[in-house]
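Enquirer: Okay, sequence plus prediction incoming.
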Amino acid sequence: MTTLHSRAGAIPLEGLPITPEQQERLSHTLRCVPADHLRSLQRIVIRDRQVRDSRSGEMREYAGGSTNATQRGWRDLSPHSRRFWIMIDIDSFDPRQRPINNRPSGKHYTLLHELGHLVDWSYGALSWIMRNDAEGFRLLARQPHNGITGGTQERFADAYADLYFHPPERTRDDPRIRCILQSPPFRTAWTPHTGIAV
């Protein structure tokens, strides 16, 4: 079995084969986030999906990802009992379709975005922000999102991805980043902004 390497240990990689360079890009991305943020991640699966274009109605290649629960009724479980797997589309490695995933930093933005969903759902982060930081929630909700899905959960995942994808000097004054850093996943987790050790 192929595994990816992270601060939390080995993460199984399943599905379509990818190159060693692509595996290292995913491993590097996983090593950029706190180990505790990966505790509910069971595996990463590489697939080749198509989606229906909302404008033309035609099927087209999909270069994104998805975060999926491993069990039914996961919302009824306590946040620390929830388990997820992430699907990454093979086309997300194509520099023509997803240039952001192929930058010299070596990080895979789509994986960071999907980890943002996993962290949100594992900790109830966005729900906490809604209850405790109305202004922060409004800031997240106002941000644009370029994907096939919408909603504030997508904006939380974008902010999470931005936190780990971009250098701290670029995101330090971003109000979205300040908002998510106040939520439960970041109370004890290391980030470039908090300096708290894992």
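Expert: Okay, I see it. Residues are numbered from 1 along each chain as shown.

Enquirer: For Ala10, grab the count of nearby residues.
Expert: Neighbour count for Ala10, taken as other C-beta atoms under 10 Å: 12. Quick note: C-beta positions are derived from backbone N, CA and C, even for glycine.

Enquirer: List the buried residues in stretch 31-38.
Expert: Arg31, Cys32, Val33, Pro34, Asp36, His37, Leu38 (16 or more other C-beta atoms under 10 Å).

Enquirer: Hmm, the second one is touching Lys107, no?
Expert: Yes: distance between Cys32 and Lys107: 6.2 Å, which falls inside the contact criterion (C-beta atoms under 8 Å).

Enquirer: shared neighbours, those two?
Expert: Listed contacts common to Cys32 and Lys107 are Tyr164; contacts here mean C-beta atoms under 8 Å, 6 or more residues apart in numbering.

Enquirer: Any regions of this structure where pLDDT drops low?
Expert: Scanning the chain for pLDDT under 70 picks out the ranges 79-80, 144-145, 147-151, 188-198.

Enquirer: Can you tell me the SS state at the residue lying farthest from the centre of it?
Expert: In the chain, counting by C-alpha atoms, centre = their mean, Ser56 sits farthest out from the average C-alpha position, at 28.4 Å. Recorded secondary structure, Ser56: coil (DSSP: H, G, I helix; E, B strand; the rest coil).

Enquirer: Start the count at 6 instead of 1 going forward.
Expert: Understood, numbering begins at 6; the last thing we discussed is Ser61.

Enquirer: ok, it to Pro104 distance?
Expert: 23 Å (C-beta to C-beta, to the nearest Å).

Enquirer: before we move on, what about Ala164?
Expert: Distance from Ala164 to Pro104, by C-beta to C-beta: 20 Å.

Enquirer: same check, this time on His10
Expert: 25 Å.

Enquirer: ok so, going back, more neighbours, Ala164 and Pro104?
Expert: Between Ala164 and Pro104, counting by other C-beta under 10 Å, Ala164 is the more crowded of the two (25 against 10).

Enquirer: That one and Pro190, how far apart?
Expert: Taken as C-beta to C-beta, the span from Ala164 to Pro190 is 12 Å.

Enquirer: quick one, helices of the protein?
Expert: Using DSSP state H, the helices of the chain run over 25-36, 114-128, 130-137, 139-147, 157-170, 173-176, 180-186.

Enquirer: any idea which of those helices is most buried?
Expert: Highest mean neighbour count of the helices of the chain: helix 114-128, a mean of 25 (counted as mean count of other C-beta atoms under 10 Å).

Enquirer: C-alpha coordinates for that one, PDB please?
Expert: Below are the C-alpha coordinates for helix 114-128, written out as PDB (Å, rounded to 0.1, in the frame of the first residue of the first chain):
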ATOM      1  CA  TYR A 114      -3.900  24.000  -2.700                       C
ATOM      2  CA  THR A 115      -6.800  21.700  -3.500                       C
ATOM      3  CA  LEU A 116      -5.700  19.300  -0.700                       C
ATOM      4  CA  LEU A 117      -5.300  22.200   1.700                       C
ATOM      5  CA  HIS A 118      -8.800  23.300   0.800                       C
ATOM      6  CA  GLU A 119     -10.200  19.800   1.500                       C
ATOM      7  CA  LEU A 120      -8.300  19.700   4.800                       C
ATOM      8  CA  GLY A 121     -10.100  22.900   5.600                       C
ATOM      9  CA  HIS A 122     -13.400  21.100   5.300                       C
ATOM     10  CA  LEU A 123     -12.100  18.100   7.400                       C
ATOM     11  CA  VAL A 124     -10.900  20.500  10.100                       C
ATOM     12  CA  ASP A 125     -14.200  22.500  10.100                       C
ATOM     13  CA  TRP A 126     -16.300  19.300  10.400                       C
ATOM     14  CA  SER A 127     -13.900  17.600  12.900                       C
ATOM     15  CA  TYR A 128     -14.000  20.500  15.300                       C
END
